[in-house]
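Participant: Structure here, sequence nowhere to be found:
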Ligand SMILES: C[S@@+](CC[C@H](N)C(=O)[O-])C[C@H]1O[C@@H](n2cnc3c(N)ncnc32)[C@H](O)[C@@H]1O
């Protein structure tokens, strides 16, 4: 790559486009939700959409980390990320930025494919896989019987709820899977039984995690810009 070309690609990688005065609106408290990696179908019309591709509904066009770093601390009450985290190689720095922009006790809502989803590995842009316990490694978890290590990290989120979603793009199979799958969400014990014994027999489609941002004194990291 020649020098001019390299500089151009570096500039476009580093640029952030604010299409709708999103940063100003967040500073003024006019908007209290973000949707990360919203793509062409933002689910929350009132949220500020962030995506590196310029679709309709995207308010901040650029890399998610760069976009979050341009926002004030504790500016939003909710952050949504649907089918986005599986595209992110290094989750902890992203979670730290999400925690910084969230108000204490703010909500993070995450939907990701389950590792047993047969379509998961077909997508070459997927770089991270998720199971029932993934956020138990990354947050305070009082939901599940199985304990997992935190690898020296202090939790900045608390796991509030986890749901296993069963579905199929095919109508009839989807109906059967949704009906059967609802059984596994009846109790935490059934969710853990499913994950250990049945995930490869009856593959889960996606996981839905609800997390709460811990207030600073509950363990949120102190090395923030605020
Ligand atoms: C599978 S799509 C999900 C779109 C939408 N949330 C949905 O559920 O249909 C993933 C989106 O994440 C965006 N994306 C991936 N990596 C990104 C990054 N580092 N920064 C910003 N957006 C990113 C992609 O451009 C894409 O629109």
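Facilitator: Here it is on my side, so go on. Please read all numbers here as calculations on a predicted model, not as lab measurements.

Participant: CA atoms for contacts and neighbours, from now on please.
Facilitator: Fine.

Participant: what is the mean pLDDT for stretch 147-159?
Facilitator: Here stretch 147-159 scores 93 as its mean pLDDT.

Participant: what does that stretch contact?
Facilitator: 96, 99, 133, 135-143, 209-214, 218-221 (Cα atoms under 8 Å, 6 or more residues apart in numbering).

Participant: Kindly report the same for stretch 176-186.
Facilitator: 163, 164, 165, 166, 167, 168, 190, 191, 194, 204.

Participant: Quick one: name whatever helix or strand follows the lowest-mean-pLDDT helix or strand in the chain.
Facilitator: One helix or strand of the chain scores below all others by mean pLDDT, DSSP states H and E: helix 3-14, with a mean of 40. Using DSSP states H and E, the helix or strand that follows helix 3-14 towards the C-terminus is strand 17-18.

Participant: is that next one anywhere near the ligand?
Facilitator: No - counting by Cα under 6 Å from any ligand atom, the ligand is not contacted by strand 17-18; separation bottoms out at 11.8 Å.

Participant: What helices and strands are in contact with that strand?
Facilitator: Packing partners of strand 17-18 (3 or more Cα pairs under 8 Å, 6 or more residues apart in numbering; DSSP states H and E): strand 60-61.

Participant: What pairs with the strand it packs on, parallel or antiparallel?
Facilitator: Within its sheet, strand 60-61 is paired with strand 17-18 (antiparallel), strand 48-51 (parallel), according to DSSP bridges.

Participant: Tell me the buried residues in the helix or strand following it?
Facilitator: For strand 60-61, the following helix or strand on the C-terminal side (DSSP H and E) is helix 64-69. Along helix 64-69, these residues count as buried under the neighbour rule (16 or more other Cα atoms under 10 Å): 64, 66, 67, 68.

Participant: so which of the residues you listed also contact the ligand?
Facilitator: Answer for the buried residues of helix 64-69 near the ligand (Cα under 6 Å from any ligand atom): residue 64.
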